[in-house]
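A.B. asks: Here is my input; please provide its structure:
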Amino acid sequence: MENRKLVVYIAQSLDGYIATKDDSLEWLFQVEGEGDNGYSKFYNTVDTILIGKRTYDWIMEQEKGEFPYKGKECYVFSRTPKEATEHVQFVQGDIVSFMQDLKSKQGKNIWMVGGGNILHPFLEKGLVDELIVTIAPAVIGDGIPLFKAGDYKLNLHLKSARTFNQFVELQYEVLHE
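C.D. replies: Numbering: from 1, shown residues only. Just a heads-up that it's a prediction; the model follows:
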């Protein structure tokens, strides 16, 4: 049985930012895409979603409390214990054993939603299997970077490159040693 993959699926500016310093995505919404830019097709390949607490709070504020990932198994990583809701379980602790357990279960791929704060430790521990990065034709100069500086390196293999009008989607497989 092949293990499930942990996939990062995210958009960034050409200069590598996923949001402005004040968490705005206006620069992203101003770009003309094509349909849903492949989102629905990707969304159907996952049944589990991982979200950082800051991103979860942002999503709930933007969606006016209406959780957008109903029907998927959702985990929110938080430094402080929180009660589970109808749609999410909050997780603290060792991400390596958590991911090993999650990947060993039957199911579709696992989507990591959100930014550098949650992504960084997963990259450092070698837990990410694929990166699907959609690049918007915008340079925002400063903001929240997709990749934080750290003690890790990724060897990648380009699986595909495609365009959705003004967006370019790059799909990479992470080559694990």
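
A.B. asks: Quick check: phi and psi on the residue most central in space within the chain?
C.D. replies: In the chain, the centroid-proximal residue (C-alpha atoms, centre = their mean) is Val113; its distance is 3.0 Å. Note on Val113: its backbone torsions stand at phi -90, psi 150 [degrees, to the nearest 10].

A.B. asks: Tell me how far it lies from Val76.
C.D. replies: Using C-beta to C-beta, to the nearest Å, Val113 is found at 10 Å from Val76. (C-beta placed from N, C-alpha, C; glycine too.)

A.B. asks: now do Gly141
C.D. replies: With C-beta to C-beta as the criterion, Gly141 and Val76 are 30 Å apart.

A.B. asks: ditto for Pro68
C.D. replies: Pro68 sits at a distance of 13 Å from Val76 (criterion: C-beta to C-beta).

A.B. asks: in the sheet, who's paired with the residue nearest to the centre of the chain?
C.D. replies: Note on Val113: beta-bridge partners Ile51, judged by DSSP bridges.

A.B. asks: doesn't Ile49 make contact with it?
C.D. replies: Yes - with contact defined as C-beta atoms under 8 Å, Val113 counts as touching Ile49 (5.8 Å).

A.B. asks: tell me, what's touching the two both at once?
C.D. replies: Shared contacts of Val113 and Ile49 (C-beta atoms under 8 Å, 6 or more residues apart in numbering): Tyr69.

A.B. asks: So which residues of the chain form helices?
C.D. replies: Residue ranges of the helices in the chain, as given by DSSP state H, are 26-29, 39-43, 53-62, 95-104, 116-124.

A.B. asks: These: which one's closest to Glu83?
C.D. replies: Distance to Glu83, taken as C-beta to C-beta, is lowest for helix 53-62 among these, at 13.5 Å.

A.B. asks: quick one: average confidence on that closest one?
C.D. replies: For helix 53-62, mean pLDDT rounds to 88.

A.B. asks: and if you look at stretch 122-142?
C.D. replies: According to the model, stretch 122-142 has a mean pLDDT of 94.

A.B. asks: cool, stretch 151-162 as well?
C.D. replies: Rounded mean pLDDT across stretch 151-162 is 94.

A.B. asks: So which residues make contact with that stretch?
C.D. replies: Contacts for stretch 151-162 (C-beta under 8 Å, 6+ apart): 38, 123-124, 126, 128, 130-131, 168-175.

A.B. asks: Okay, Tyr17 and Ala149: tell me how far apart.
C.D. replies: For Tyr17, the distance to Ala149 - C-beta to C-beta - is 14 Å.

A.B. asks: how near is Phe67 to Val7?
C.D. replies: Applying C-beta to C-beta to Phe67 and Val7 gives a distance of 20 Å.
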